[in-house]
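In: Below are the sequence and a predicted model; questions follow.
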Amino acid sequence: MSEQSPPENAREGYADELPEYAERVLDVAERIPPGRVMTYGDVAEWLEQGGPRQVGRVMALYGGAVPWWRVVRADGALLPGHELRALAHYREEGTPLKQAGRSTEGHLPRLDMRRARWDGGADAEGHI
């Protein structure tokens with residue numbers, strides 16, 4: 001998500017203007033259950049199209065209209081510039097976190113990717 005992102009809950013107004021790939025990425029983001037995450041690469045693999053950078057670009061431009069905090073970096077680091085907003089969502093949803101060590105910059109936790117990562121399996125309705 002970036003400063004260019006549309007406001008939350010504004011996706012309906014952008015639907016006619018979104019490129020088809022962006023619409024598909026946002027659909028996957030909306031399918032991720034609360035308390036779970038997918039990496040940018042996971043989303044690209046799920047779609048069988050693009051890669052992590054393309055997914056990241058879509059999320060930066062249009063991610064504010066979906067639960068953007070559920071599409072994350074593979075290392076579990078919180079989205080730079082949006083750490084506190086994301087952390088509030090993770091805590092509210094019960095997303096597994098790893099507490100930061102004393103040497104960690106900003107003492108912010110990371111996502112516990114082993115436990116939080118969603119593969120689109122059991123709860124998924126099939127590939128888009």
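Out: Received, thanks.
In: Please enumerate the helices of the protein.
Out: 11-14, 20-31, 40-47, 52-62, 83-93, 113-116 (DSSP state H).
In: which one of those helices lies closest to A74?
Out: With respect to A74, and counting by Cβ to Cβ, the nearest of the helices of the chain is helix 40-47 at 6.2 Å. In short, each C-beta sits where N, CA and C put it, glycine included.
In: Report the angle between the closest one and helix 20-31.
Out: 110 degrees (axes from the mean of the first three to the mean of the last three Cα atoms, to 10 degrees).
In: rewinding a little: if you average pLDDT over each of the helices of the chain, which is lowest?
Out: Of all the helices of the chain, mean pLDDT reaches its minimum on helix 11-14 (a mean of 51).
In: and of the helices of the chain, who's closest to D75?
Out: That would be helix 113-116 among the helices of the chain, by Cβ to Cβ, at 7.7 Å.
In: in the closest one, what counts as buried?
Out: M113, A116 (16 or more other Cβ atoms under 10 Å).
In: possible to save the helices of the chain as a markdown table with distance to H107?
Out: Below are these laid out as a markdown table (distance: least, Cβ to Cβ, whole Å):
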| stretch | distance to H107 |
| --- | --- |
| helix 11-14 | 34 |
| helix 20-31 | 28 |
| helix 40-47 | 25 |
| helix 52-62 | 25 |
| helix 83-93 | 11 |
| helix 113-116 | 19 |
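In: Give me the pLDDT for Q99.
Out: Listed pLDDT for Q99 reads 86.
In: Please apply the same query to I128.
Out: With respect to pLDDT, I128 has a value of 47.
In: Mind listing what's buried along stretch 40-58?
Out: Residues 40-47, 50, 52, 54-58 are the ones in stretch 40-58 that count as buried (16+ other Cβ under 10 Å).
In: Just the closest of those to P96, please.
Out: Of the buried residues of stretch 40-58, the one sitting nearest to P96 (Cβ to Cβ) turns out to be D42, at 16.0 Å.
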